[in-house]
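Q: can't give you the sequence, but here's the structure:
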């Protein structure tokens with residue numbers, strides 16, 4: 001009674017073995033691809049974080065220059081090479097919660113640069129010369145402050161939710177010097 005089943009199993013064992021190896025290979029490849037995509041997304045987040053911090057530094061510097069009455073401002077035209085050069089990867093790697101603030105921050109940067117181009121004169125590749133009676137400094141100050149807020153929102157979205165937001169840490173933790181409880 002078992003003899004036909006045993007004979008069938010013996011003849012089908014190479015096909016079963018190959019099918020098992022194929023499934024293991026597919027599962028391994030998918031895991032490897034998932035790890036690679038996660039690593040690439042992490043690198044993209046880190047690069048955008050650095051880029052947004054540099055943009056925020058430029059905005060803060062321009063706010064300081066405006067407050068000091070400087071005749072020039074730092075241009076942010078060259079900011080954003082990772083964002084502009086990898087827009088497809090940015091769109092595919094960022095999650096929905098971070099995508100909108102990052103795009104909004106760089107869109108705000110483009111609007112500020114367009115406004116600067118309209119009311120200032122270029123001063124080299126990284127600066128603009130403020131025209132005394134043609135440049136509305138208060139409007140520029142307002143635009144840079146709005147840009148700072150947009151960039152800070154994008155940085156917060158890239159950083160992800162805080163542990164308090166996820167309900168994991170109900171009490172704030174206090175730092176201890178060298179791990180010694182006080």
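A: Thanks, I have the structure now. For clarity, every value in this text was computed on a predicted model and none was experimentally measured.

Q: Let me see the contact set for residue 141.
A: Residue 141 sits next to 63, 66, 67 when contact means C-beta atoms under 8 Å, 6 or more residues apart in numbering. Where C-beta positions appear, they are placed from N, C-alpha and C, glycine not excepted.

Q: What distance do you get for the closest residue to the second one other than its chain neighbours to residue 40?
A: So the one you mean is residue 66. Closest residue to residue 66 apart from its sequence neighbours, by C-beta to C-beta, 6 or more residues apart in numbering: residue 141 at 5.1 Å. Distance from residue 141 to residue 40, counting by C-beta to C-beta, to the nearest Å: 38 Å.

Q: same deal with residue 3?
A: In this structure, residue 3 and residue 40 are 55 Å apart, going by C-beta to C-beta.

Q: Look at those two and report which has more neighbours.
A: Higher neighbour count among residue 3 and residue 40: residue 40, with 13 against 7, using other C-beta atoms under 10 Å.

Q: Just send the contacts of residue 141 back as TSV, with neighbour count, secondary structure and pLDDT too.
A: TSV is the format used below for the contacts of residue 141 (neighbours: other C-beta atoms under 10 Å; DSSP: H, G, I helix; E, B strand; the rest coil; pLDDT from 0 to 100):
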residue	neighbour count	secondary structure	pLDDT
63	17	helix	93
66	17	helix	90
67	10	helix	92
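
Q: out of those residues, which one sits closest to residue 81?
A: For the contacts of residue 141, the closest approach to residue 81 (C-beta to C-beta) belongs to residue 63, at 23.2 Å.

Q: if I pick the residue lying closest to the closest one once chain neighbours are set aside, what's in contact with it?
A: Using C-beta to C-beta, 6+ apart and skipping residues adjacent in sequence, the residue nearest residue 63 is residue 144, 5.2 Å away. Residues counted as contacts of residue 144 (C-beta under 8 Å, 6+ apart) are 59, 62, 63, 66, 112.

Q: Give me the phi and psi angles of the last one.
A: Note on residue 112: its backbone torsions stand at phi -60, psi -40 [degrees, to the nearest 10].
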